[in-house]
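**Student:** Everything below, folded, please.
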Amino acid sequence: MIFEYRALILAVIEIAIMLFVLSRGVSFKKLIASIIFFLAMYQIGEAILLLTDYDMTGLKIAYFATTLLPGLGLILVEKLSKEERFGKYVLTFGAVLSVLFVLLPEPVYFHEKISCILKITSAGNTGFFYNTWAVYYLGTLALSIIYIIWLIWKANTANERYNLWLMLLAYLAFFPSSIILVYILKLDFAFTASVMCSLAVITTFIVGFISVRKMK
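**Tutor:** Modelled structure (predicted):
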C-alpha cells in the first residue's frame, strides 16, 4: 500500500528541498540545509522500520536526527534576529541525547502502526531517559515559540519581523498542531512524534523559502 511508503516519499521531498536550498539559497543555506537534512533523516529512519521487518535501527536513526532539530532551529531563529543567546547550549544538550539514542540498546519501542504513523514509547528500563528527552524536546519547542513571539515584538526592522513570522509559522506547522491532530483523531499520545515529523514537511518549505529570499 502507498501508506507504507509515506515516510520514504516525505524523505525524498525533503532531500529535494535541501538540494534546492544548497544550490539556490542566499541566506544561512548550510544551516537551513542541515535542518532539512535531519528532518529527512527522521523520515528515512521510519521508512527503514516500515519497509523492513520492523528493524529497530530505523528508530535509532530517526531519534538521533530529530533530537538535534530543536537546537538547530533555535540557532536559526537567533541568526535571523541577531540575538545569539541559547541555541548553542540547546544544541549541545541535544547532541548528548542524540548520541545516547544510538548507544543505548533499546531507548524506544515500536508498538504498532495505523496506516502510516507509528506508536512509539520508552522501552521499559529506559523510562527516565525517554522522559528526560520528552521534556527537553517538547519544552524546547514550546519555549522557542514563546521566544520567537518576544523577538517579533522587539524586532528592529520589518524584514527581521517578517522572517520571524515565517519561523513562527514553521514551528506552528508541526507543534502544537500535531498534538491537536492526534487529539482530534482520538489517537494515543504516543503517535505524536510520528505525526509531528510528518507535518514538518511543511516546515521544510517555509525554511527553504527563508533561505532563497533576499534579505533586505
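**Student:** Could you use CA atoms for every contact and neighbour count after this?
**Tutor:** Fine.
**Student:** Would you state the helices of the protein in chain order?
**Tutor:** 6-24, 29-51, 57-81, 87-103, 127-154, 158-172, 177-184, 192-212 (DSSP state H).
**Student:** Residue 120: which of the ones you listed is closest?
**Tutor:** Among the helices of the chain, the nearest to residue 120 by C-alpha to C-alpha is helix 192-212 (7.8 Å).
**Student:** Give me the helices and strands touching that closest one, please.
**Tutor:** helix 6-24, helix 29-51, strand 117-122, helix 158-172, helix 177-184 (3 or more C-alpha pairs under 8 Å, 6 or more residues apart in numbering; DSSP states H and E).
**Student:** what's residue 174 sitting at in phi/psi?
**Tutor:** phi -120, psi -10 (degrees, to the nearest 10).
**Student:** Which residues are in contact with it?
**Tutor:** Going by C-alpha atoms under 8 Å, 6 or more residues apart in numbering, residue 174 touches 196, 197, 199, 200, 202, 203.
**Student:** mind checking pLDDT for it?
**Tutor:** Note on residue 174: pLDDT of 95.
**Student:** which one of the contacts of residue 174 sits closest to residue 42?
**Tutor:** Of the contacts of residue 174, the one sitting nearest to residue 42 (C-alpha to C-alpha) turns out to be residue 197, at 7.4 Å.
**Student:** The closest one touches residue 40, doesn't it?
**Tutor:** No. Contact status for residue 197 versus residue 40: not in contact, 9.2 Å apart, counting by C-alpha atoms under 8 Å.
**Student:** Redo the contacts of residue 174 as TSV? Include distance to residue 50.
**Tutor:** Shown next, in TSV, are the contacts of residue 174 (distance: C-alpha to C-alpha, whole Å):
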residue	distance to residue 50
196	17
197	15
199	18
200	19
202	22
203	23
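**Student:** gap between the residue lying closest to residue 84 once chain neighbours are set aside and residue 148?
**Tutor:** Nearest non-adjacent residue to residue 84, counting by C-alpha to C-alpha, 6 or more residues apart in numbering: residue 78, 5.0 Å away. From residue 78 across to residue 148, the span is 9 Å (C-alpha to C-alpha, to the nearest Å).
**Student:** same deal with residue 207?
**Tutor:** Residue 207 is 15 Å from residue 148, by C-alpha to C-alpha.
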